[in-house]
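Asker: Pasting the sequence and the predicted coordinates here, then a few questions.
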Amino acid sequence: MKQITTFDAYLRAYEQSIADPEGFWAAVAEDFQWHKKWHKVLTWNFTEPRVSWFEGAKCNITENCLDRHAARNPNSVAIIWEPNNPAEPSLHITYQDLMRRVNTFCHALKKIGIKKGDRVCIYLPMIPEAAVAMLACARIGAIHSVVFAGFSSASLADRIKDSGCCCLITADAFCRGEKKIELKKIADEALVHTPTIQHCIVFNRLNEPINMLPGRDVWWQELTNNCPDEFSAEIMDAEDPLFILYTSGSTGKPKGVLHTTAGYMIYTAYTFLNVFNYQPGEIFFCTADVGWITGHSYLLYGALLNGATTVMFEGIPTYPDHGRLWDITDKHRVNILYTAPTAIRSLETFGTDIFKTKDLSSLRVLGSVGEPINEDAWRWYHTHVGKNRCDIVDTWWQTETGGILISPIATVTPLKPAYATLPLPGVQPVVVDEQGKELTGSPAEGNLCIKFPWPGMARTVYGNHERFRQTYFSTYPNLYFTGDGCRRDAEGYYRITGRVDDVINVSGHRIGTGEVENAINEHPDVVESAVVGYPHEVKGQALYAFVICTQKIPDTEKFGAEVREVVAKKIGAFAKPDKIQIVPGLPKTRSGKIMRRILRKIAEGDTTNLGDTTTLLDPSVVEAIIAGSR
Ligand code: PRX
């Protein structure tokens, strides 16, 4: 792949990608290993919708991630693993070694009958086996569905059921910072509700005593024993599913976003190489968990597709102290650091003394992802981490987009703090007003849509194509609607302003208000609830729950703790509301719709201008809520 190294080259590539998208992406795809080339680069419409890239082509993504590099540079390091406890040794896994481990695990999966098209759920901590499991699934053609290890048993069960997984891969337990998480125990609670799971493979991480159900549960270490380390990859069609990843939306249960093989491969490889300006031999450190899309696309696939060295960190930025990310950076001489604004803001609260003892001179490029990065955090990152010499790439994208869509190209695009700047080649963003009219001039402010397909985009919601159409392609005809608002300035630079739907971004975790409300409503004393987001200094946004109770609550603190516990049990600890207010009623219209706009204002502490409240069934409720919010 040709790397973009000047702004002029970017402009030319962009122009070409718009004038001749098929020619542009075909040229990018040339450099990959194919069993058969495509007969048609792109077929699409945004009404059904149907999008198909590289039709007729055959390949396996893992041959491009592993075999190519293992043949050329067998001893170059693919994964550097950094454990939670810095006293435990880190691991350096070469491309050859990683390929062997993946092959061995392919045999293990085959041995228990997993075949192409089967769904395999991966519920693992940040250990190399998570990467091995994902790649082995891809190599045998099984569809992986990774569930972040911070999710509760109920969430795990829901995800397993929704995609009918036949196998679960998990670990006995692991530590995040000081905290031990008994993963198998949580998985066991889920497995009671998931009859489709025939096998549960358990990696022994901490040697914890756990229950193993004979006939279903098997140790990773035992299953892989004596398995050969060579395996020929299943040959996949370009549009064969690669993975499912669940994400929250404004309504209903989480959606199983489905990504397919060739388009995702080309797109993550291309964007990794260009956005981070990756140079051969460099060390890339993405702090995201493999349970999220950033972990899939950049920690794993994008990095390996480029033969890069990727750092996988099991722990958290504040353990054993708040210098951990800088220690890892110095220890492994990290060149590119990719993290989230919430991590930056939380480290910012500790001050800058820590930097006196850190070197950080290996850093060259810094990345930000997951939520808008405010100017303050941008400058702190730039000054104290990047020492004013590293470009910051503020990368905007989503689970559904598969890869980065709007972002600076490191060393190439002139930066502007808090701006994701310009669309990458092949990406055609449009800003529309409420009525769906495209705002062609700049500056402009409105909702962000994309009007042309890019190879990495999701193809469907697993098992529910109508929901896919409805969610992303029905708001505005012939456009993919992102759910984000944005501003485009006079120079054409994009600034993402946040979600315009009922999705809330808490510490970079995407949370649907409906899901949290459903969880809160499970508390026996709760009649109804409404959850909104409000600005939070570190988390970006936090959750504020307004709750109607069946009776007078004598101990509101105890009640609050119980409500948070229900949310942790139903979803995961990261979704616990920061504020819980018991209210006598909710501001509803005559047709019964909750006016969240009003609740958002109250949560923000801005009660001076609540807008029009005349359509409310009972306007006095608003006064009561305001009085109780003080
Ligand atoms: O609101 C946008 C925000 O995160 C949402 C996507 O979340 P998720 O699917 O979990 O993927 C996160 C990692 C790609 C978007 O709709 N978001 C993501 N990146 C940015 C962002 N908001 C502002 N600036 C960003 N760089």
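Answerer: Sure thing, it's come through.

Asker: What does the closest residue to E129 other than its chain neighbours show for phi and psi?
Answerer: Closest residue to E129 apart from its sequence neighbours, by C-beta to C-beta, 6 or more residues apart in numbering: F203 at 4.9 Å. Every C-beta, even on glycine, is put in place using the N, C-alpha and C of the backbone. Here is the backbone geometry of F203 (degrees, to the nearest 10): phi -90, psi 130.

Asker: contacting residues for F203?
Answerer: Listed by C-beta atoms under 8 Å, 6 or more residues apart in numbering, the contact set of F203 reads 124, 127, 129, 169-172, 219-221.

Asker: near the ligand, which residues of the stretch 401-550 of the chain show up?
Answerer: Residues of the stretch 401-550 of the chain lying close to the ligand (C-beta under 6 Å from any ligand atom) are 420, 482-484, 496, 498-499, 505, 510.

Asker: now the stretch 151-300 of the chain
Answerer: Counting by C-beta under 6 Å from any ligand atom, the residues of the stretch 151-300 of the chain near the ligand are 247, 293-294.

Asker: what bits of this structure have low per-residue confidence?
Answerer: Scanning the chain for pLDDT under 70 picks out nothing.

Asker: change it to 90
Answerer: 249-253, 434-435, 508, 590-593, 607-619, 629-630 (pLDDT under 90).

Asker: Looking at it, which helix is longest?
Answerer: Counting residues, the longest helix found in the chain (DSSP state H) is helix 95-111.

Asker: Make CSV from the residues of the stretch 401-550 of the chain next to the ligand and add distance to D289 to it.
Answerer: CSV is the format used below for these (distance: C-beta to C-beta, whole Å):
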residue, distance to D289
A420, 22
T482, 23
G483, 22
D484, 22
I496, 22
G498, 22
R499, 21
N505, 16
R510, 13
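
Asker: In strands only, show me those.
Answerer: Judged by DSSP state E, those include 482-484, 496, 498-499, 505, 510 as members of strands.

Asker: Just the closest residue of the stretch 501-630 of the chain to the ligand, please.
Answerer: Using C-beta to the nearest ligand atom, the closest approach of the stretch 501-630 of the chain to the ligand is made by R510 at 3.8 Å.

Asker: burial of that residue, as a residue count?
Answerer: Counted with other C-beta atoms under 10 Å, the neighbours of R510 add up to 20.

Asker: Skip the chain neighbours and tell me the closest residue to it.
Answerer: S248 (5.1 Å).

Asker: same question, Q541
Answerer: That would be G533: by C-beta to C-beta, 6+ apart, it lies 4.1 Å from Q541.

Asker: The one you found looks like it's in a strand, true?
Answerer: Yes - the assignment for G533 (DSSP: H, G, I helix; E, B strand; the rest coil) places it in a strand.

Asker: from what I can see it touches A545, true?
Answerer: No - using C-beta atoms under 8 Å, G533 is not in contact with A545, being 10.8 Å away.

Asker: And those two? Which one has more around it.
Answerer: A545 (28 against 25).

Asker: helix/strand/coil for the more buried one?
Answerer: strand.

Asker: what pairs with it across the strands?
Answerer: According to DSSP bridges, the residues that bridge with A545 are V531, I580.

Asker: coming back round to it: among the ones in strands among the residues of the stretch 401-550 of the chain next to the ligand, which one is most surrounded by other residues?
Answerer: Busiest of those [other C-beta under 10 Å] is T482, holding 25 neighbours.

Asker: And the residue of the stretch 1-150 of the chain closest to the ligand?
Answerer: Nearest residue of the stretch 1-150 of the chain to the ligand: F148, at 10.4 Å (C-beta to the nearest ligand atom).

Asker: Spit out the contact partners of that residue.
Answerer: If you count contacts by C-beta under 8 Å, 6+ apart, then F148 has 289, 291-292, 572 around it.

Asker: okay, these in JSON lines with neighbour count next?
Answerer: As requested, those are arranged in JSON lines below (neighbours: other C-beta atoms under 10 Å):
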{"residue": "D289", "neighbour count": "22"}
{"residue": "G291", "neighbour count": "22"}
{"residue": "W292", "neighbour count": "21"}
{"residue": "G572", "neighbour count": "22"}
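
Asker: Okay, helices next: where are they in the stretch 101-250 of the chain?
Answerer: 128-140, 153-163, 183-191, 220-224 (DSSP state H, counting those that start in this stretch).

Asker: what helices or strands is the first one leaning on?
Answerer: Translated: helix 128-140. helix 61-62, strand 77-82, helix 95-111, strand 119-123, strand 143-146, strand 167-171, strand 241-247, strand 309-313 (3 or more C-beta pairs under 8 Å, 6 or more residues apart in numbering; DSSP states H and E).

Asker: Summarise which helices and strands the shortest one is packed against.
Answerer: In terms of contact count using 3+ C-beta pairs under 8 Å, 6+ apart, helix 61-62 is assigned the packing partners helix 128-140, helix 261-275.

Asker: Redo the ones you listed as TSV? Include distance to I93.
Answerer: Shown next, in TSV, are the helices and strands packed on helix 61-62 (distance: least, C-beta to C-beta, whole Å):
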stretch	distance to I93
helix 128-140	6
helix 261-275	19
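
Asker: Turn these into TSV, columns for mean neighbour count.
Answerer: Converted to TSV, the helices and strands packed on helix 61-62 look like this (neighbours: other C-beta under 10 Å):
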stretch	mean neighbour count
helix 128-140	26
helix 261-275	27
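
Asker: looking at those, which is closest to I283?
Answerer: Of all these, it is helix 261-275 that lies closest to I283, at 13.7 Å by C-beta to C-beta.

Asker: List the contacts of whichever helix or strand comes after the closest one.
Answerer: Counting by DSSP states H and E, the element after helix 261-275 in chain order, helix or strand, is strand 283-286. The contact list for strand 283-286 (C-beta under 8 Å, 6+ apart) reads 80, 276, 278, 294-295, 298-299, 303, 308-311, 313, 328-329, 332-339, 362, 367.

Asker: Direction included, what does strand 283-286 pair up with?
Answerer: By DSSP bridges, strand 283-286 pairs with strand 309-313 (parallel), strand 336-339 (parallel).

Asker: Does the last one reach the ligand?
Answerer: No - figure legend: strand 336-339 not in contact with the ligand (C-beta under 6 Å from any ligand atom); closest approach 10.6 Å.

Asker: mind saving the C-alpha coords of the helix or strand following that strand as PDB?
Answerer: Going down the chain from strand 336-339, the next helix or strand is helix 341-348, by DSSP H and E. C-alpha atoms of helix 341-348 as PDB (Å, rounded to 0.1, in the frame of the first residue of the first chain):
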ATOM      1  CA  PRO A 341      -9.900  11.300  26.100                       C
ATOM      2  CA  THR A 342     -11.300  10.000  29.400                       C
ATOM      3  CA  ALA A 343      -8.000   8.300  30.200                       C
ATOM      4  CA  ILE A 344      -6.200  11.600  29.400                       C
ATOM      5  CA  ARG A 345      -8.600  13.600  31.600                       C
ATOM      6  CA  SER A 346      -8.400  11.200  34.500                       C
ATOM      7  CA  LEU A 347      -4.500  11.300  34.400                       C
ATOM      8  CA  GLU A 348      -4.600  15.100  34.100                       C
END
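
Asker: begin at 17 from here
Answerer: Happy to do that; since the first residue is 17 now, the last one works out to helix 357-364.
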